[in-house]
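Undergrad: Quick one, fold the following:
(one chain, ligands or ions: 2)
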Amino acid sequence: MLISTLRLVSGLSLATVALAAPQRCVPKQEHSAARAAAVKEAFEFAWEGYYKYAFPHDELRPVTNGFTNSRNGWGASAADALSTALVMEIPEIVNQIVDYIPTVDFTKTDDQVSLFETTIRYLGGMISGYDLLKGPLAGLVPDNKNIESLLAQSKNLADQMKFAFDTPSGVPANNLNLAAQTTDGGDTNGIATIGTLVLEWTRLSDLTGDDEYAKLSQKGESHLLAPKPEKNVPFPGLVGTNVNLTTGEFVDARGGWGGGDDSFYEYLIKMYIYDPSRFETYKDRWILAADSTIKHLTSHPEPRPELTFVANYDGTTLQQNSGHLTCFDGGNFLLGGSVLKRKDYIDFGLSLVDGCRATYTATKTQIGPEGFSWDASKVPTNQIDFFKKNGFYITSPDYVLRPEVIESYYYAYRMTGDQKYQEWAWDAFVAINATTRVGSGFSSISDVNAEGGGQKTDFQESFLFAEVLKYAYLIHAEDNVWQVDGKGKNAFVFNTEAHPFQIYKGASK
Ligand SMILES: *[C@@H]1O[C@H](CO)[C@@H](O)[C@H](O)[C@H]1NC(C)=O
Ligand SMILES: *[C@@H]1O[C@H](CO)[C@@H](O)[C@H](O)[C@H]1NC(C)=O
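TA: Ligands and ions are numbered 1, 2, ... in the order given. Here you go, the predicted structure:
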């Protein structure tokens, strides 16, 4: 029984510490430990519900105790939960997952496969599991065959998908039919889906000694690092979104740090952290994008000029809207700032963290919306007061268990050591737990600004396991090698799905 792993912390029970309002008399470390334990309890609860009603399907429907297969039916929640169960050190769950992984047949699926989603969730989860179990968490899994299988299955999966890169330019197609080894025939792909493969595929090559995966992903990426034509690079380092698979050229000049573009920029600095000698150019491109962002995209809402958001663009025209996904940007600036020793990036990152927090504290549920805007010329009449008070208005009111705001709190805490960010992460976790926890898990909700979150839409994304509960846990957990290092000396780097990868230490073979 997983529930029984809920531990007493330094003699203080959860009920007396974690679940009460912050108690000033509790020493800081015990306080943090109790909070970490409360997040672990939430993870174990969600895992139990998934394991009972949905495993080995992709996702749990927590209200009706059903399941969905939105990620090819290979057990996405299990793959995504592995690295979190590892850093929480829960051997029962870890072993349930690694016993299962060798049984997956990655050649079989009825649905179209997304190269990007499959890479970040499945490949990311398995590679991270392998890195942690071969490294600091050796011993959690008794059966070495299961550990080796994580790498073998990563290779099997990549082998099924590598035909995606077989285009005239080498820019991969995203939507794949594995059985026929064909794509959906589209002639473009976006920078997030092209540019968020290189960490996983390079790590796979470095671990297997077969450089094919690294070469394929880096060739696709090369068109993003040397973007053409000039007119589709509206600001230095800031590019359009869609790339022609035949020519490798950008076909538009729309972009920003939001969904569809986001993790292309995120991975530029993360590749440099993974291996500074091979990926120096990536760092240079990140700096170019970061400097242009500060210079050209910084935006302050009229009613709350002290808040900072990052605008989107269409050419050089700015659009004053953003969303929950974009809120990873504060964390990414903080990470870049810590590694490059640039106080301006740290300060800018912290201002973005403040802006995203404002989207949480403004709503009835204390959870931020999927989409928001601060364009004063387009405020809906029923949100005029809300806009004046909060500096933004809601354009999409749902919450689908996204992690980005807590993720950025995590980086802010690791870089500054300021306990304020732990408090903010705790507040967000308590709100998510209070509003979305239902039935056998956590559910997406329809309206963050309605009492109780509006409707429970009965879907639990796999990234609840990979990201929300991991960042909410790690910000309170003890220091460890997989934690992001505040001084920029990292042993691990997190992929965009929050799976920690060991940074490159030289050829392993
Ligand atoms: C991509 O490039 C090819 C070759 O130049 C061209 O025929 C096609 O129309 C382009 N597609 C888009 C969407 O720009
Ligand atoms: C999370 O929700 C459960 C169920 O409502 C509750 O028992 C628990 O105390 C909550 N945890 C926190 C930290 O609020």
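
Undergrad: which outside residues touch stretch 205-223?
TA: Around stretch 205-223, the neighbours that count as contacts under Cβ atoms under 8 Å, 6 or more residues apart in numbering are 127, 130-131, 151, 154-155, 158, 162, 165, 169-172, 194-195, 197-198, 200-202, 204, 243, 248-249, 504, 507-509. C-beta: built from backbone N, CA, C; applies to glycine.

Undergrad: just checking, E404 touches S322?
TA: No: using Cβ atoms under 8 Å, E404 is not in contact with S322, being 10.8 Å away.

Undergrad: remind me which residues of the chain are low pLDDT?
TA: Flagging of the chain using pLDDT under 70 yields the residue ranges 1-27, 507-509.

Undergrad: how close does M126 get to A38?
TA: M126 sits 28 Å away from A38, taking Cβ to Cβ, to the nearest Å as the criterion.

Undergrad: In terms of neighbours, single out the busier of these two.
TA: Shown here are M126 and A38; by other Cβ atoms under 10 Å, M126 has more neighbours (29 against 22).

Undergrad: Isn't that one up against I101?
TA: Yes: M126 lies in contact with I101 (Cβ under 8 Å); the separation is 6.5 Å.

Undergrad: Can you get me a residue count around E478?
TA: 10.

Undergrad: got a list of what it touches?
TA: A33.

Undergrad: Mutual contacts of M126 and I101, please.
TA: 79, 150, 153.

Undergrad: how about the residues of this protein that lie near ligand 1?
TA: By Cβ under 6 Å from any ligand atom, the residues of the chain that approach ligand 1 are 187-188, 244, 246-247, 251.

Undergrad: What is the burial count for the residue nearest to D398 when sequence neighbours are not counted?
TA: Nearest residue to D398 in three dimensions, chain neighbours excluded: E370, at 4.9 Å (Cβ to Cβ, 6 or more residues apart in numbering). Using other Cβ under 10 Å, E370 has 18 other residues around it.

Undergrad: E370: what's it in contact with?
TA: Counted by Cβ under 8 Å, 6+ apart, E370 has contacts 323-324, 396-400, 402.

Undergrad: and these, which are buried?
TA: Among the contacts of E370, those buried by neighbour count (16 or more other Cβ atoms under 10 Å) are 323-324, 397-400, 402.

Undergrad: Give me the subset of those residues lying in strands.
TA: G323 (DSSP state E).

Undergrad: farthest pair in the buried ones among the contacts of E370?
TA: Using Cβ to Cβ, the buried ones among the contacts of E370 reach their maximum pairwise distance at P397 and R402, which is 13.4 Å.

Undergrad: just to revisit the earlier point, now distance to K456 and neighbour count too, for the residues of the chain next to ligand 1, in JSON lines please.
TA: What follows is these, written out as JSON lines (distance: Cβ to Cβ, whole Å; neighbours: other Cβ atoms under 10 Å):
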{"residue": "D187", "distance to K456": "40", "neighbour count": "14"}
{"residue": "T188", "distance to K456": "36", "neighbour count": "18"}
{"residue": "N244", "distance to K456": "42", "neighbour count": "17"}
{"residue": "T246", "distance to K456": "45", "neighbour count": "12"}
{"residue": "T247", "distance to K456": "46", "neighbour count": "15"}
{"residue": "V251", "distance to K456": "40", "neighbour count": "15"}
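
Undergrad: between those, which is nearest G331?
TA: Using Cβ to Cβ, T188 comes nearest to G331 of the residues of the chain next to ligand 1, at 28.8 Å.

Undergrad: Look up the residues forming beta bridges with that closest one.
TA: N244 (DSSP bridges).

Undergrad: I'd assumed L245 was in contact with it.
TA: Yes: between T188 and L245 there is a contact at 6.3 Å, judged by Cβ under 8 Å.

Undergrad: got any residues that touch both of these two?
TA: Counting by Cβ under 8 Å, 6+ apart, T188 and L245 have no common neighbour.

Undergrad: Give me the buried positions along stretch 213-229.
TA: For stretch 213-229, burial by neighbour count (16+ other Cβ under 10 Å) applies to 213-214, 216-221, 223-224, 227.

Undergrad: my bad, should have said stretch 445-455
TA: By neighbour count on 16+ other Cβ under 10 Å, the buried set for stretch 445-455 is 445, 447-449, 453-454.

Undergrad: The stretch 251-400 of the chain: strands as residue ranges?
TA: Remark: strands assigned in the stretch 251-400 of the chain by DSSP state E, counting those that start in this stretch are 254-255, 298-299, 309-310, 312-314, 317-319, 321-323, 371-373, 393-396.

Undergrad: quick one on the thing from earlier: within reach of ligand 2, which of the residues of the chain next to ligand 1 are there?
TA: For ligand 2, no contacts are drawn from those by Cβ under 6 Å from any ligand atom.

Undergrad: Dump those to a markdown table, plus distance to V94.
TA: Formatted as a markdown table, the residues of the chain next to ligand 1 follow (distance: Cβ to Cβ, whole Å):
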| residue | distance to V94 |
| --- | --- |
| D187 | 43 |
| T188 | 40 |
| N244 | 43 |
| T246 | 44 |
| T247 | 46 |
| V251 | 44 |
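
Undergrad: Look at D385 and say how many residues are nearby.
TA: Applying other Cβ under 10 Å, we find 10 other residues in the vicinity of D385.

Undergrad: Just the buried ones from the contacts of stretch 205-223, in ChimeraX syntax?
TA: ChimeraX command restricting the contacts of stretch 205-223 to the buried ones, with burial defined by 16+ other Cβ under 10 Å:
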select :127,130,131,151,154,155,158,162,165,169,170,171,172,194,195,197,198,200,201,202,204,243,248,249,504
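
Undergrad: Between the residues of the chain next to ligand 1, which sits nearest ligand 2?
TA: T188 (43.8 Å; Cβ to the nearest ligand atom).

Undergrad: follow-up on the earlier one: so for E404 and S322, which sits in the more crowded spot?
TA: Shown here are E404 and S322; by other Cβ under 10 Å, S322 has more neighbours (27 against 23).

Undergrad: thinking again about what came up before, need the buried ones among the contacts of E370 in a markdown table with distance to D418, can you?
TA: Shown next, in a markdown table, are those (distance: Cβ to Cβ, whole Å):
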| residue | distance to D418 |
| --- | --- |
| G323 | 26 |
| H324 | 23 |
| P397 | 31 |
| D398 | 31 |
| Y399 | 26 |
| V400 | 29 |
| R402 | 23 |
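
Undergrad: Which of the buried ones among the contacts of E370 fall within helices?
TA: Among the buried ones among the contacts of E370, none falls in helices (DSSP state H).

Undergrad: how about the helices in the stretch 201-350 of the chain?
TA: Applying DSSP state H, counting those that start in this stretch to the stretch 201-350 of the chain gives helices spanning 212-225, 262-274, 280-292, 329-340, 343-361.

Undergrad: Which of these sits closest to ligand 2?
TA: For the helices of the stretch 201-350 of the chain, the distance to ligand 2 is smallest for helix 343-361, at 15.8 Å, taking Cβ to the nearest ligand atom.

Undergrad: Packing partners of the longest helix seen in the chain?
TA: Longest helix in the chain by number of residues, with DSSP H as the criterion: helix 28-53. Judged by 3 or more Cβ pairs under 8 Å, 6 or more residues apart in numbering; DSSP states H and E, helix 28-53 is in contact with strand 59-61, helix 76-87, helix 91-100, helix 420-436, strand 441-442, helix 469-474.
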